[in-house]
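Asks: Show me how the following folds:
(one chain, ligands or ions: 1)
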Amino acid sequence: MVPPVFGLCLRLVLLAVLALLLASLSDYALAATPIPQAVHDALDAMGPQASHIASLWNVFLAACAAVFLAILAVLLYVLWRTPRADGGDVPDLSSLREAEPGPQRHVTRAVVVSVLALFALVVASVFTDRALARLSLADAVNIEVTAHQWWWTAKYVNGGPSDSFTTANEIHVPVGRPVVVNLHADDVIHSLWVPSLAGKKDLIPGRSTVMQFRADHPGIYRGQCAEFCGYQHALMGLLVIAEPPAQFETWVQGQRQSATEPTDAKALRGKAVFESSSCAMCHAIQGSLASAQHAPDLTHVASRQTLAAGTLPNTPQDLSAWISNPQLHKPGTNMPATPLSKDDLEAIVAYLGGLK
Ligand code: CUA
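Replies: Okay, here's the model as predicted:
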């Protein structure tokens, strides 16, 4: 017969192997994003909001680990103490008829300790919530983010209407300044999660929610839709680029401009093809005839790091591959394959590649 302690050890080893396997799978998934240096780690806090949440996580981890270890220790002690029996022994049921004040006292104590521990965790959660609400919002950058299946619109709304501009799938924020993001959903429920900067917030059709955060260190932070929203939910990434205030202002000034007018013949032809093909029925490029709002704004598409919400790196080869057959890279996406001659495709890639 296998001793119970052996069975328990075996299960613990299997559990550890499973945990390692899951951890390596999540590393694999992140390694597949086109911007490998983008930080995506709730325990690598880069601002006050994320650090409050990381602290709460550490409190929960410590409390749960202590309880888990205590239960394991008691279990091992009981297995050690319990009388051994083999198949021929008659069970001794006499204890069932007797009162057991000792074990009853232990159970009562354990229930009291559990309730107190759970209450302490509730208190820690409330304090974290209050700390999150204390973020100063003076001089905040205001962004309207709308989630779609499966990409993000970001509209910067500081200043007057003529100062606002729209971009997609990538937002820039100044280091050290608070950011207030108003969240909307266009179709189904999504959830925005940039683990290094803030907690999750759901985006619900017909309702508006708010996320507030501050990035204290320059860097590229990866966000992800965290609510299953359809076939390509996993390919619904958002990059947050935190940069020094002067650099951010330069970026804002650039984004407010209309698209650069192409100068070489190939890109000029690309612009004409773009405006006369089905591209212009969904996309907008400020300063061109394309002004539809059903797909990402491409006015400054070349300044972005990825294509299709973090699906592909933004290189001419990938752009060409994406336009030729979006369904190959993101099956189910609303963008159809556009039948274009080789020359027209190269011209469009040249035109879009110049839209810094
Ligand atoms: Cu959007 Cu999941």
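Asks: Contacts only, for V273.
Replies: Under the criterion of C-beta atoms under 8 Å, 6 or more residues apart in numbering, the contact partners of V273 comprise 279, 340, 344, 347-348, 351. All C-beta atoms are positioned from the backbone trio N, CA, C, and that covers glycine.
Asks: Assign it to helix, strand or coil.
Replies: Secondary structure assignment for V273 (DSSP: H, G, I helix; E, B strand; the rest coil): helix.
Asks: Can you name the residues that contact the residue nearest to it when sequence neighbours are not counted?
Replies: Excluding its sequence neighbours, the residue lying closest to V273 (C-beta to C-beta, 6 or more residues apart in numbering) is D344, at 4.8 Å. By C-beta under 8 Å, 6+ apart, D344 lies in contact with 269-270, 273, 277.
Asks: Show me the beta-bridge partners of the residue in the stretch 51-200 of the chain that the ligand sits nearest to.
Replies: Of the residues in the stretch 51-200 of the chain, the one nearest the ligand is H190, at a distance of 3.5 Å by C-beta to the nearest ligand atom. Beta-bridge partners of H190, counted by DSSP bridges, are L203.
Asks: list the helices and strands the least confident helix or strand in the chain by mean pLDDT packs on?
Replies: Of all helical and strand segments in the chain, the minimum by mean pLDDT, DSSP states H and E falls on helix 4-31, at a mean of 76. Using 3 or more C-beta pairs under 8 Å, 6 or more residues apart in numbering; DSSP states H and E as the contact criterion, the elements in contact with helix 4-31 are helix 48-81.
Asks: Can you name the secondary structure element that comes next after the helix it packs on?
Replies: Later in the chain than helix 48-81, the nearest helix or strand by DSSP states H and E is helix 101-133.
Asks: Return the backbone torsion pair for A292.
Replies: Main-chain torsions, A292, degrees, to the nearest 10: phi -80, psi 160.
Asks: how many neighbours does the residue lying closest to it once chain neighbours are set aside have?
Replies: Distances taken as C-beta to C-beta, 6+ apart place C282 nearest to A292, at 5.1 Å, with adjacent residues excluded. The tally of other residues near C282 (other C-beta atoms under 10 Å) stands at 16.
Asks: Next: K201.
Replies: The burial metric for K201, expressed as a neighbour count using other C-beta under 10 Å, is 21.
Asks: next one: phi and psi at it?
Replies: Dihedral pair for K201: phi -140, psi 130, per degrees, to the nearest 10.
Asks: Pull up the per-residue confidence for it.
Replies: Turning to K201, the model gives it a pLDDT of 95.
Asks: what's the helix or strand for the residue lying closest to it once chain neighbours are set aside?
Replies: Nearest non-adjacent residue to K201, counting by C-beta to C-beta, 6+ apart: M211, 4.4 Å away. M211 is part of strand 209-214, with elements assigned from DSSP H and E.
Asks: The residue nearest to V273 falls within a strand, correct?
Replies: No. Following the definition three-state DSSP, D344 is helix and is not counted among the residues of a strand.
Asks: Distance check, V194 against I53.
Replies: 11 Å (C-beta to C-beta, to the nearest Å).
Asks: pretty sure V349 is in contact with G270, am I right?
Replies: Yes. Using C-beta atoms under 8 Å, V349 is in contact with G270, at 7.2 Å.
Asks: on that earlier part again, of V194 and I53, which one has the most company?
Replies: For V194 against I53, the residue with the higher neighbour count under other C-beta under 10 Å is V194, and the figures read 29 against 21.
Asks: list the contacts for the more buried one?
Replies: Listed by C-beta under 8 Å, 6+ apart, the contact partners of V194 are 213, 221-224, 238, 240.
Asks: can you list the residues of the stretch 251-356 of the chain near the ligand?
Replies: Applying C-beta under 6 Å from any ligand atom, one finds that the stretch 251-356 of the chain does not approach the ligand at all.
Asks: if you go through the stretch 251-356 of the chain in chain order, where are the helices?
Replies: Counting by DSSP state H, counting those that start in this stretch, the stretch 251-356 of the chain has helices at residues 265-276, 316-324, 326-329, 342-353.
Asks: Looking at the contacts of V194, point me to the pair that's furthest apart.
Replies: In these, the most distant members under the criterion C-beta to C-beta are F213 and Q224, with 15.1 Å between them.
Asks: which one of the two has more residues nearby?
Replies: Remark: of F213 and Q224, F213 carries more neighbours, 25 against 22, as counted by other C-beta under 10 Å.
Asks: State the distance from that one to S55.
Replies: With distances defined as C-beta to C-beta, the gap from F213 to S55 amounts to 16 Å.
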